[in-house]
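In: what would the 3D arrangement of this be:
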Amino acid sequence: MSFSFLSTMKKKKWWVVAGSMGLILLVMASTAAAKQLAPWPTKKIVINIPSFTLSLMEGDKIIKKYPVAVGKPSAPTPVGEFKIINKVVNPTWYPPDGGRPVLPGPTNPLGRRWMGFLPNGYGIHGNNNQNSIGQAVSLGCVRMHNSDIEELFEWVPVGVDLKITYETVDVEGDPTTGQTYLVLYPDVYHRGVPTVTAVHNKLQALGLSDYVTKERIAAALNCGISAPTYICLGMKVRINGKEAVVDTEIVNGETLVAVRPIAEALGMSVSWDPDRQAVIAGSTVLSVHVKTGQSFVHLSDLETKLGIKSYWCETEQLLELFTWRIKVGQVELTQGAWSDKKEVWLPVGAIAHAIGLPVEQIPEQALVIDNQKRQWSGKVQGNNIFVSAQMLTEMLPVKVIMLSDQQLIDIMYLPEGMVEEQSEIPINDPL
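Out: I've put the predicted structure just below:
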């Protein structure tokens, strides 16, 4: 809404008068607030109109994202780069028709907070109609839930940068599932639906053009975008030390992964059993969810039926799949071990931490420094270094037992002075 309002704040020293579309905006601002107009480089606000979202950013990282309402097509929210120029607690609204002012309270359409970004009356504010959030219904202002703008109000000062965009195509990552999506938003202001080429070029610039075909993009655009349309670009997965992008599906809130690329990466044959409506991976029968001719499997089934352990790596935003589980004493580690067909590689940092003898890892040099300051070379996967079982027993006071039939590595801590003639039981045929 581009409403007029009069602040009721105390200890103010000057008035700012501005007009917008026949409305008068009277904002009482303090000299202290005026001094805050200097840039605030560490954070910024980004509002995208078609997605109805406001994002608080620090650099390129989204700190928090909020749902908003924007201007209706006949009174669109302006696009461009701005700054927050004033902030008011509990503003008073002056109706444009000259009616009685609406004091702060539940009937005030400005809600409980106002942050202006243009002197002619545009701002970000609360509301008295929670159902309007997520719609294009205001007179140009940006509405938020009252609880949301109260939180944002405390985080951002006057002078912070604000960017308002009109992007109907975006790429988003889901931090809870690791999936990457191409998102197509409705053309709220009827400014033109993006072409297949434009969407493909955006994906290409991000290095994602190989993850979705032009035909799939065209099919989505041809269906008409009346609501946000999500096209899954897959999940980044590391299987036995090698990275790939695997298609995923969300079913009842759980992430399922395409079974064929994972099984084939592990050297398993994959076939479809039409009688059982199941996938045969090696000699194992897997119940699957089928969509568009592709079979998806639960991560839990990968572990229980194929012995493949999964671990979500937050720092790298990828899913690690291991063929060996690791137990240290009675505790099973979240990370597992992987095989390159010649050797089984174990996460030295996680194992050392579990026995209370942390080591220093230098991934840039693929080096591990133990508590005796000795240096060891390993294999780097992301931020972790993996070493062979033999090297682990030389580096740490442990006994390594590999149980091939269970795909389990049992690590036993050896107290000082305890000697073991054989610390490693070799395996004949690692997966």
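In: quick one, grab the pLDDT at N222.
Out: What the model reports for N222 is a pLDDT of 83.
In: what about stretch 221-237, distance to the chain center?
Out: The gap between the average C-alpha position of stretch 221-237 and the chain average comes to 16 Å, counting by CA atoms, centre = their mean, to the nearest Å.
In: stretch 163-171 too?
Out: On the basis of CA atoms, centre = their mean, the separation between the geometric centre of stretch 163-171 and that of its chain is 17 Å.
In: repeat for stretch 151-167
Out: 20 Å.
In: do the same with stretch 325-343
Out: With CA atoms, centre = their mean as the basis, the distance from the averaged C-alpha position of stretch 325-343 to the chain average is 27 Å.
In: what is the end-to-end distance of it?
Out: Between the opening and closing residues of stretch 325-343 lies a distance of 15 Å (CA to CA, to the nearest Å).
In: and stretch 43-55, by the same measure?
Out: With CA to CA as the measure, the ends of stretch 43-55 fall 10 Å from one another.
In: pull up the distance across stretch 245-259, start to finish.
Out: Its start and end residues considered, stretch 245-259 measures 12 Å (CA to CA).
In: neighbours around L256, how many?
Out: A count of nearby residues for L256, using other CB atoms under 10 Å, gives 20. (Glycine included, C-beta is placed from N, CA and C.)
In: look up which residues are beta-bridged to it.
Out: When assigned by DSSP bridges, L256 has beta-bridge partners E249, H298.
In: quick check: phi and psi on the closest residue to G111 other than its chain neighbours?
Out: Distance criterion CB to CB, 6 or more residues apart in numbering; nearest residue to G111, sequence neighbours excluded, is G126 at 1.7 Å. With angles defined as degrees, to the nearest 10, G126 shows backbone torsions of phi -80, psi -160.
In: mind listing what's buried in stretch 210-223?
Out: Of all the residues in stretch 210-223, those buried under the rule 16 or more other CB atoms under 10 Å are 211-212, 217, 220-221.
In: I'd say S132 and P67 touch.
Out: No - taking contacts as CB atoms under 8 Å, S132 lies outside contact range of P67: 10.6 Å.
In: quick one, domains of this protein?
Out: Following the assignment in automatic domain parsing, the chain carries domains at 4-165, 169-229, 238-311, 323-413.
In: distance to Q317 added to those, as JSON lines?
Out: Output for the domains of the chain, formatted as JSON lines (distance: least, CB to CB, whole Å):
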{"stretch": "domain 4-165", "distance to Q317": "12"}
{"stretch": "domain 169-229", "distance to Q317": "6"}
{"stretch": "domain 238-311", "distance to Q317": "11"}
{"stretch": "domain 323-413", "distance to Q317": "10"}
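In: can you get me a residue count around the closest residue to G134 other than its chain neighbours?
Out: Using CB to CB, 6+ apart and skipping the chain neighbours, the partner closest in space to G134 is F52 (5.0 Å). For F52, the neighbour count with other CB under 10 Å is 22.
In: next one: F52 from I133, what distance?
Out: Taking CB to CB, to the nearest Å as the measure, F52 and I133 are separated by 8 Å.
In: any shared contact partners between these two?
Out: Taking CB atoms under 8 Å, 6 or more residues apart in numbering as the contact rule, F52 and I133 both touch 67-69.
In: which of these tops the neighbour count?
Out: Of all the shared contacts of F52 and I133, the most densely surrounded is V68 (27 neighbours; neighbours counted as other CB under 10 Å).
In: tell me the secondary structure at that one.
Out: With DSSP: H, G, I helix; E, B strand; the rest coil as the basis, the three-state label of V68 is strand.
In: ok, it touching V142?
Out: Yes - with contact defined as CB under 8 Å, V68 counts as touching V142 (5.2 Å).
In: overlap in contacts of these two?
Out: Any residue near both V68 and V142 by CB under 8 Å, 6+ apart counts here, and that gives 47, 54, 124.
In: ok, back up a step: how about a markdown table for the buried residues of stretch 210-223, with distance to A389 and secondary structure added?
Out: As requested, the buried residues of stretch 210-223 are exported to a markdown table (distance: CB to CB, whole Å; DSSP: H, G, I helix; E, B strand; the rest coil):
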| residue | distance to A389 | secondary structure |
| --- | --- | --- |
| Y211 | 36 | helix |
| V212 | 41 | coil |
| I217 | 47 | helix |
| A220 | 49 | helix |
| L221 | 53 | helix |
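In: relative to E364, which of those is nearest.
Out: Taking CB to CB as the measure, Y211 is the one of the buried residues of stretch 210-223 closest to E364, at 28.9 Å.
In: which ones are touching that closest one?
Out: Under the criterion of CB under 8 Å, 6+ apart, the contact list for Y211 reads 180, 203, 233-234, 245.
In: distance of it relative to T197?
Out: Computed as CB to CB, the Y211 to T197 distance reads 17 Å.
In: re the thing from before, just among the contacts of Y211, which is most surrounded?
Out: Top of these by neighbour number is L233, holding 23 neighbours under the definition other CB under 10 Å.
In: quick one: low-confidence parts of the stretch 101-250 of the chain?
Out: Low-confidence segments of the stretch 101-250 of the chain, defined by pLDDT under 70: 175-178.
In: so where do the helices sit in it?
Out: Along the stretch 101-250 of the chain, counting by DSSP state H, counting those that start in this stretch, helices occupy 146-155, 196-205, 214-222.
In: buried residues in the first one?
Out: To tie it back to what came earlier, the one meant is helix 146-155. Taking 16+ other CB under 10 Å as the neighbour-count basis, helix 146-155 is seen to contain the buried residues 146, 148-149, 152-153.
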